[in-house]
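Asks: Sequence isn't available, so here's the structure alone:
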């Protein structure tokens, strides 16, 4: 709080443990194959983090081709595009 220059005030602290969220970190020799295995077609939601804007667009396209409802998001999207996607 000090380093971020927060004003003194209320500190709300709670656990990150949530029953409805699962976090998996998996080492893989074939990321594309394994990702499709873990993302079985179901109404569940998932966030997938990648290292670049280009990878996020590429992965969203590939998942869409495989029948998933997929969209990418990154800092390079315009405010108008974020609003269109209802991400703001």
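Replies: Alright, I've got the coordinates. All of these numbers come straight from a predicted model, not from anything done at the bench.
Asks: So for the chain, the centremost residue is which one?
Replies: What sits nearest the mean C-alpha location of the chain, by C-alpha atoms, centre = their mean, is residue 47, with 3.0 Å.
Asks: Got the confidence number for it?
Replies: Residue 47 carries a pLDDT value of 86.
Asks: Show the contacting residues for it.
Replies: Residues near residue 47 by C-beta atoms under 8 Å, 6 or more residues apart in numbering: none. For glycine as for every other residue, the C-beta is placed from the backbone atoms N, C-alpha and C.
Asks: Pull the residues that contact the longest helix along the chain.
Replies: Taking DSSP state H as the criterion, the chain has its longest helix at helix 53-65. Contact with helix 53-65 is made by 32, 39, 48, 50, 70, 71, 72, 73, 74, 75, 76, as judged by C-beta under 8 Å, 6+ apart.
Asks: In ChimeraX, how would I select just the buried ones from those?
Replies: Entered in ChimeraX, the line below selects the buried ones among the contacts of helix 53-65, by 16 or more other C-beta atoms under 10 Å:
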select :70,72
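Asks: Any chance of the contacts of helix 53-65 in JSON lines with distance to residue 84 and secondary structure as columns?
Replies: Below are those laid out as JSON lines (distance: C-beta to C-beta, whole Å; DSSP: H, G, I helix; E, B strand; the rest coil):
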{"residue": "32", "distance to residue 84": "28", "secondary structure": "helix"}
{"residue": "39", "distance to residue 84": "25", "secondary structure": "coil"}
{"residue": "48", "distance to residue 84": "21", "secondary structure": "coil"}
{"residue": "50", "distance to residue 84": "22", "secondary structure": "coil"}
{"residue": "70", "distance to residue 84": "16", "secondary structure": "coil"}
{"residue": "71", "distance to residue 84": "11", "secondary structure": "coil"}
{"residue": "72", "distance to residue 84": "13", "secondary structure": "coil"}
{"residue": "73", "distance to residue 84": "12", "secondary structure": "coil"}
{"residue": "74", "distance to residue 84": "15", "secondary structure": "coil"}
{"residue": "75", "distance to residue 84": "16", "secondary structure": "coil"}
{"residue": "76", "distance to residue 84": "15", "secondary structure": "coil"}
